[in-house]
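# Sequence below, structure please.
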Amino acid sequence: MKMDVNAPMCPSRGVLEHVTSRWGVLILIALRERSFRFSELRRHVGGVSEKMLAQTLQTLERDGFVHRDAQPVIPPRVDYSLTELGAEAAAQVSALGRWTEQRTEAVLQNRERYDEARS
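Below is the predicted model of the structure:
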């Protein structure tokens, strides 16, 4: 089956949505650094709710980007890390994240000029 992200029913669109979602991008970038426990990851990815973090991790795990390692100890310990596929995706979105950080000032200036021209 040939994938075409421009085709309306192509399954690659769902994968793209998961990888490029707001929290998906930030989680993948964080997990490039190292594995994290849930609470560590929540603190690292500022602003994400517990519910959204859990949902996004579950989606990324289902797609094969994230590995969930649950240790049968008391208290329970669960670590999240990237799979090989996840590391590939994380490298791609990390480049976009770095570019965004570097070019945000230009974007903000463009917004300001645009808004001034419209008022």
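# Next, the buried residues of the helix ranked longest in the chain.
Longest helix in the chain by number of residues, with DSSP state H as the criterion: helix 84-118. Within helix 84-118, the residues that qualify as buried are 86, 89-90, 93-94, 97, counting by 16 or more other Cβ atoms under 10 Å. (Each C-beta comes from the backbone N, C-alpha and C, glycine too.)
# Residue 37: neighbour count?
Residue 37 has 13 neighbours, counted by other Cβ atoms under 10 Å.
# Quick one: mean pLDDT over the longest helix of the chain.
For helix 84-118, the mean pLDDT works out to 97.
# For that helix, name the packing helices and strands.
If you count contacts as 3 or more Cβ pairs under 8 Å, 6 or more residues apart in numbering; DSSP states H and E, helix 84-118 packs onto helix 12-20, helix 22-33.
# Go through the first one and flag the buried ones.
Buried residues in helix 12-20, counted by 16+ other Cβ under 10 Å: 15, 18-19.
# now that helix: how far from the chain's centre is it?
Chain-centre distance of helix 12-20: 10 Å, with Cα atoms, centre = their mean, to the nearest Å.
# the inter-axis angle of that helix versus helix 22-33?
Helix 12-20 and helix 22-33 are oriented at 60 degrees to each other (axes from the mean of the first three to the mean of the last three Cα atoms, to 10 degrees).
# average pLDDT for helix 12-20?
On average, helix 12-20 scores 94.
# CA-only coordinates of that helix in PDB, if you can.
Output of helix 12-20 as PDB, limited to C-alpha atoms (Å, rounded to 0.1, in the frame of the first residue of the first chain):
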ATOM      1  CA  SER A  12      -0.300   8.400   7.400                       C
ATOM      2  CA  ARG A  13      -2.400  11.400   8.400                       C
ATOM      3  CA  GLY A  14      -3.300   9.900  11.700                       C
ATOM      4  CA  VAL A  15       0.400   9.100  12.400                       C
ATOM      5  CA  LEU A  16       1.300  12.600  11.400                       C
ATOM      6  CA  GLU A  17      -1.300  14.000  13.800                       C
ATOM      7  CA  HIS A  18       0.000  12.000  16.700                       C
ATOM      8  CA  VAL A  19       3.700  12.900  16.100                       C
ATOM      9  CA  THR A  20       3.000  16.600  15.500                       C
END
